[in-house]
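**Student:** Task: produce atomic coordinates for the following.
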Amino acid sequence: MSEQNTPLQIEGLTVAYQKKPVLRDISLTIPEGKLIGIIGPNGAGKSTLIKATLGLIPKVTGSVSIFGRPYQEQRKLIGYVPQRESVDWDFPTSALDVVMMGRYGHLGWFKRPGVREREYALDCLEKVGMADFAGRQISQLSGGQQQRIFLARALAQDARLYFMDEPFVGVDAATEKAIVTLLNELKKQGKTVLVVHHDLATVKEYFDWIILLNVELMGIGPTAEWFTREHLQKTYGGRLTLLQQDEEAVIVSSR
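**Tutor:** As a prediction, the model looks like this:
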């Protein structure tokens, strides 16, 4: 695969907080058109990996390339769904306005969105089942509804590479189903999606690749190959509880 067709390549990434490494010497290459789960114990650096890749926190060492070029040159190709609790939901704006923010990268900051952008944003809301809430203030929405709005904003960016930081946390069953449907739709379109994920019981169902992380890279590759008792024990250590194992699946929990 040429660099121009490689969604994400990281070389020697190290991130430290107060001189303590949170990520140590991470190198990986992500193929195009995959749904990829980032898994590992609490404090493993999963969210940090996304934030460092997007330049939201400083790196000690390492380089990141998006489709063969630096992140700063490829921002229009990237969609990002942050953790819901990191957002100021009291900001006075409507669901539609939040989604339309996803179009600014295509418009430029000094051009106002018009009818075409509004229709595009409404279509994105429709895809996540939130069209009826377009005029609702985001502070009036439930946690699951807020998460759907942020997913719609990411859709509006029409990106090639998506990063989602714990999109399933704190959502109801209907929203989780809607997110999974959306992820699979993005995959059908040839998009690449990286998702920080905690529920190990659904990893094999949701993702075709995984990144196993615990400060260092513990493994990366097809889920069928890497989601095994051996690799999970190596990644989670004593924080892993085996609940059930059969010939096809390993269902586990972590603490």
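**Student:** mind listing the strands for the chain?
**Tutor:** Applying DSSP state E to the chain gives strands spanning 8-17, 20-30, 35-39, 61-66, 69-70, 78-81, 161-165, 192-196, 209-214, 216-222, 240-245, 250-254.
**Student:** May I see those organised as JSON lines, with distance to Gly135 added?
**Tutor:** Where C-beta positions appear, they are placed from N, C-alpha and C, glycine not excepted. Converted to JSON lines, these look like this (distance: least, Cβ to Cβ, whole Å):
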{"stretch": "strand 8-17", "distance to Gly135": "37"}
{"stretch": "strand 20-30", "distance to Gly135": "38"}
{"stretch": "strand 35-39", "distance to Gly135": "32"}
{"stretch": "strand 61-66", "distance to Gly135": "35"}
{"stretch": "strand 69-70", "distance to Gly135": "39"}
{"stretch": "strand 78-81", "distance to Gly135": "22"}
{"stretch": "strand 161-165", "distance to Gly135": "26"}
{"stretch": "strand 192-196", "distance to Gly135": "29"}
{"stretch": "strand 209-214", "distance to Gly135": "39"}
{"stretch": "strand 216-222", "distance to Gly135": "43"}
{"stretch": "strand 240-245", "distance to Gly135": "45"}
{"stretch": "strand 250-254", "distance to Gly135": "41"}
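**Student:** Leu23 contacts Ile10, doesn't it?
**Tutor:** No - in terms of Cβ atoms under 8 Å, Leu23 does not count as a neighbour of Ile10; the distance is 9.6 Å.
**Student:** Quick check on these two: which one has the bigger neighbour count.
**Tutor:** Leu23 (23 against 20; other Cβ atoms under 10 Å).
**Student:** Adding mean pLDDT, write the strands of the chain out as CSV.
**Tutor:** Shown next, in CSV, are the strands of the chain (pLDDT from 0 to 100):
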stretch, mean pLDDT
strand 8-17, 96
strand 20-30, 95
strand 35-39, 97
strand 61-66, 95
strand 69-70, 92
strand 78-81, 90
strand 161-165, 95
strand 192-196, 97
strand 209-214, 97
strand 216-222, 97
strand 240-245, 56
strand 250-254, 54
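**Student:** Compare those strands and give me the one nearest Leu155.
**Tutor:** Of all the strands of the chain, strand 78-81 sits nearest to Leu155, with 7.5 Å by Cβ to Cβ.
**Student:** Could you tell me how far that closest one lies from the centre of the chain?
**Tutor:** 7 Å (Cα atoms, centre = their mean, to the nearest Å).
**Student:** Same check on stretch 170-178?
**Tutor:** On Cα atoms, centre = their mean, the centre of stretch 170-178 falls 16 Å from the chain's centre.
**Student:** Who are the contact partners of Val99?
**Tutor:** 121, 124-125, 149, 152-153, 155-156 (Cβ atoms under 8 Å, 6 or more residues apart in numbering).
**Student:** Recalculate using a threshold of 10 Å.
**Tutor:** 117-118, 120-125, 128, 130, 134, 149-157 (Cβ atoms under 10 Å, 6 or more residues apart in numbering).
**Student:** Give me the buried entries from those residues.
**Tutor:** The neighbour-count test (16 or more other Cβ atoms under 10 Å) marks 117, 120-122, 124-125, 128, 130, 134, 149-157 as buried among the contacts of Val99.
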